[in-house]
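1. my questions concern the predicted model and sequence given below.
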Amino acid sequence: MADSSSVSGSGNAFNLDTVRDSLIRQEDTIIFNLIERARFPLNSPLYDQNSGLVPGFSGSLVHFIVKETEAVQAKAGRYENPEENPFFPDGLPSPIMPTTKYPKILYPAAVSINMSKTIWDMYFNQLLPLFVDKGDDGNYASTAASDLDCLQAISRRIHYGKYVAEVKFRESPKEYEPAILAQDKNALMKLLTFEKVEEMVKKRVEKKALVFGREVSLDTNFTSEKCKVDPSVVSRLYDEWIMPLTKQVQVQYLLRRLD
Ligand SMILES: O=C(O)C(=O)C[C@]1(C(=O)O)C=C[C@@H](O)C=C1
């Protein structure tokens with residue numbers, strides 16, 4: 001089935017509306033993944049660089065699990081899709097089977113734009129402690145799988161800035177060209193920023209977290225007011241990290257758009 005949330009899916013129109021539709025659809029994935037991760041406590045041994053939990057591997061258990069999972073997914077062709085960016089690209093195996101030919105929408109230099117390290121640090125050091133309970137239930141493998149789901153969804157969303165930038169450039173090249181030629185990051189940032197859209201995004205994700213995160217019962221609409229993930233944290237995630245990083249991706253992309 002074609003993925004209606006993706007501009008790389010064959011036959012999908014490519015314009016600012018379809019790209020924004022994809023960003024809206026990705027909000028659901030991010031929020032559901034955060035809800036899933038919030039089922040587990042922090043489980044801090046997973047993130048301990050010196051836990052020694054994996055014999056022969058120097059690094060945290062979550063690092064090991066993500067690296068190994070990405071290797072399997074690379075073999076199945078996941079990273080042939082330009083919407084996907086691995087967290088540990090060094091030494092990833094090639095696909096072992098024929099993979100879909102993705103339409104070439106992005107300018108080739110886009111491959112070199114990778115914010116994975118920033119996203120990794122933000123997720124573990126800043127975001128995670130805001131929405132999971134303290135504690136340790138020993139469910140390390142499931143917790144790490146859930147972390148990876150969150151990381152991949154957030155990373156896909158932020159790197160989607162490449163498509164947002166490409167579509168904005170195609171729709172008004174004359175507006176962007178002078179700033180690109182002058183390599184003026186501030187002017188580009190100003191051109192691609194829509195404050196009203198950002199306000200709407202923050203309100204919408206807060207509302208989605210409120211709706212998706214409540215228990216549904218057949219007797220009453222909602223059994224309790226408690227949300228599985230705090231809606232204000234989701235709004236903050238978008239305000240402080242997701243939208244600013246998406247804009248940084250857009251600026252980096254546009255700077256090289258005329259190379
Ligand atoms: O919708 C756009 O125009 C975008 O560039 C995306 C986005 C976002 O990340 O949600 C980023 C910058 C804009 O100021 C508004 C929203």
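-> Perfect, thanks for sending it.
2. so which residues on the stretch 101-250 of the chain come close to the ligand?
-> The stretch 101-250 of the chain comes close to the ligand at residues 164, 192-194, 197-198, 201, 243, 246-247, as judged by Cβ under 6 Å from any ligand atom. Every residue, glycine included, has its C-beta placed from N, CA and C.
3. widest-spaced pair of the residues you listed?
-> 192 and 201 (14.2 Å; Cβ to Cβ).
4. ok, back up a step: need the residues of the stretch 101-250 of the chain next to the ligand in TSV with secondary structure and pLDDT, can you?
-> Listed next are these as TSV, based on DSSP: H, G, I helix; E, B strand; the rest coil; pLDDT from 0 to 100:
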residue	secondary structure	pLDDT
164	helix	98
192	helix	98
193	coil	98
194	coil	98
197	helix	98
198	helix	98
201	helix	98
243	helix	98
246	helix	98
247	helix	98
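5. what's the neighbour count on residue 146?
-> By other Cβ atoms under 10 Å, the residues close to residue 146 number 21.
6. number of nearby residues for the residue nearest to it when sequence neighbours are not counted?
-> Spatial nearest neighbour of residue 146, excluding adjacent residues (Cβ to Cβ, 6 or more residues apart in numbering): residue 37 at 4.4 Å. As a burial measure, residue 37 scores 24 neighbours (other Cβ under 10 Å).
7. right, and residue 37 touches residue 131 too?
-> Yes - taking contacts as Cβ atoms under 8 Å, residue 37 lies within contact range of residue 131: 7.5 Å.
8. by contact count, what packs against the host helix or strand of residue 180?
-> According to DSSP states H and E, residue 180 maps onto helix 173-181. Applying 3 or more Cβ pairs under 8 Å, 6 or more residues apart in numbering; DSSP states H and E, we find helix 173-181 packed against helix 185-192, helix 243-255.
9. give the buried residues for the longest one.
-> Along helix 243-255, the positions that meet the burial threshold by neighbour count (16 or more other Cβ atoms under 10 Å) are 243, 245-255.
10. distance to residue 176 for those residues - can I get that in TSV?
-> Below are the buried residues of helix 243-255 laid out as TSV (distance: Cβ to Cβ, whole Å):
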residue	distance to residue 176
243	19
245	20
246	17
247	14
248	16
249	15
250	10
251	11
252	14
253	11
254	6
255	10
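11. which member of these is positioned nearest residue 123?
-> Lowest distance from residue 123 to the buried residues of helix 243-255 (Cβ to Cβ) belongs to residue 245, with 11.2 Å.
12. who's in contact with that closest one?
-> 115, 118-119, 122, 158, 161 (Cβ atoms under 8 Å, 6 or more residues apart in numbering).
13. in TSV, list those along with secondary structure and neighbour count.
-> As requested, these are exported to TSV (DSSP: H, G, I helix; E, B strand; the rest coil; neighbours: other Cβ atoms under 10 Å):
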residue	secondary structure	neighbour count
115	coil	18
118	helix	14
119	helix	23
122	helix	20
158	helix	25
161	helix	27
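14. which single one of these is nearest to the ligand?
-> Of all the contacts of residue 245, residue 161 has the smallest distance to the ligand: 6.9 Å, by Cβ to the nearest ligand atom.
15. which pLDDT value goes with the most centrally placed residue in the chain?
-> Central residue of the chain (Cα atoms, centre = their mean): residue 154, 1.8 Å from the mean position. Per-residue pLDDT puts residue 154 at 98.
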